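*Asks:* Any chance you could fold what I've pasted below:
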Amino acid sequence: MSDVTPPKNYITRQGYDRLRAELVHLMKVERPEVVQTVSWAAANGDRSENGDYIYGKRRLREIDRRMRFLTKRLEIAEVIDVGAQPHQDQVFFGATVQYLDPDEELVTVTIVGVDEADPLNGLISWISPVARALLKSREGDSVTLQTPAGPQTLEIVDVTYGSGV
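*Replies:* Residues are numbered from 1 along each chain as shown. Predicted structure coming up:
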């Protein structure tokens, strides 16, 4: 056995609550429904050609896999109180940042945990290259983002906290 500690799983309160709600929904709603369908389908006889039975068993495995994943992630989650951030003028975990990209377009992102990242909706993981470039900067700062196409300069326009991730 090694003494390797798992990486930190920082998460916002809203993100933690969403993952917990998904786990509870899987346990109390979806899984019992699928178990009932599989039981009904199994009672119908030949299981080798019974689509309800085959699909139900597959879906049950997917649900169980997702429940195990969520349970593990929630166990190691470290909930961060974004509103308690003492340096409200600086970019840290939970910050909503507006910046100008090299094309002078205003981009808004919120720095969140790995499990709650949704880049298409402006939620970026704290370990993403953009977040790493923005961390510790302040309004008015320019930061350099290393991209495959070369370095890009981002100009920080605004930093806020507690916008309800």
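
*Asks:* ranges for the strands of this protein?
*Replies:* 9-12, 77-80, 96-100, 106-112, 123-125, 142-147, 150-160 (DSSP state E).

*Asks:* Same list (those strands) but as a markdown table, adding distance to Asp52 and mean pLDDT.
*Replies:* (Glycine included, C-beta is placed from N, CA and C.) Formatted as a markdown table, the strands of the chain follow (distance: least, C-beta to C-beta, whole Å; pLDDT from 0 to 100):
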| stretch | distance to Asp52 | mean pLDDT |
| --- | --- | --- |
| strand 9-12 | 37 | 91 |
| strand 77-80 | 36 | 91 |
| strand 96-100 | 46 | 95 |
| strand 106-112 | 39 | 95 |
| strand 123-125 | 37 | 95 |
| strand 142-147 | 49 | 92 |
| strand 150-160 | 50 | 94 |
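
*Asks:* Any idea which of those gets closest to Asn44?
*Replies:* Nearest to Asn44 among the strands of the chain is strand 77-80; the distance by C-beta to C-beta comes to 42.0 Å.

*Asks:* Note down every partner strand of that closest one and its orientation.
*Replies:* Strand 77-80 pairs in its sheet with strand 9-12 (parallel), by DSSP bridges.

*Asks:* List the contacts of the strand it pairs with.
*Replies:* In this structure, residues lying in contact with strand 9-12 by C-beta atoms under 8 Å, 6 or more residues apart in numbering are 19, 73, 76-80, 82, 93-94, 112-116, 126, 165.

*Asks:* any weak-confidence spans in the chain?
*Replies:* Counting by pLDDT under 70, the chain has low-confidence residues at 1-7, 46, 163-165.

*Asks:* Find the residue closest to Arg59 in space, skipping its chain neighbours.
*Replies:* The shortest distance from Arg59 to any non-neighbouring residue, by C-beta to C-beta, 6 or more residues apart in numbering, is to Val34 (5.2 Å).

*Asks:* before we move on, back to that, from the contacts of strand 9-12, which land in helices?
*Replies:* 19, 73 (DSSP state H).

*Asks:* Would you list the buried entries among the contacts of strand 9-12?
*Replies:* Burial by neighbour count, 16 or more other C-beta atoms under 10 Å: within the contacts of strand 9-12 this picks out 19, 73, 77, 79-80, 82, 93-94, 112-116, 126, 165.

*Asks:* My guess is the residue nearest to Arg59 contacts Arg61. True?
*Replies:* No - in this structure, Val34 is not within contact of Arg61 by C-beta atoms under 8 Å, at 10.0 Å.

*Asks:* Which one's more surrounded, those two?
*Replies:* Regarding Val34 and Arg61, a neighbour count based on other C-beta atoms under 10 Å identifies Val34 as having more, with 21 against 11.
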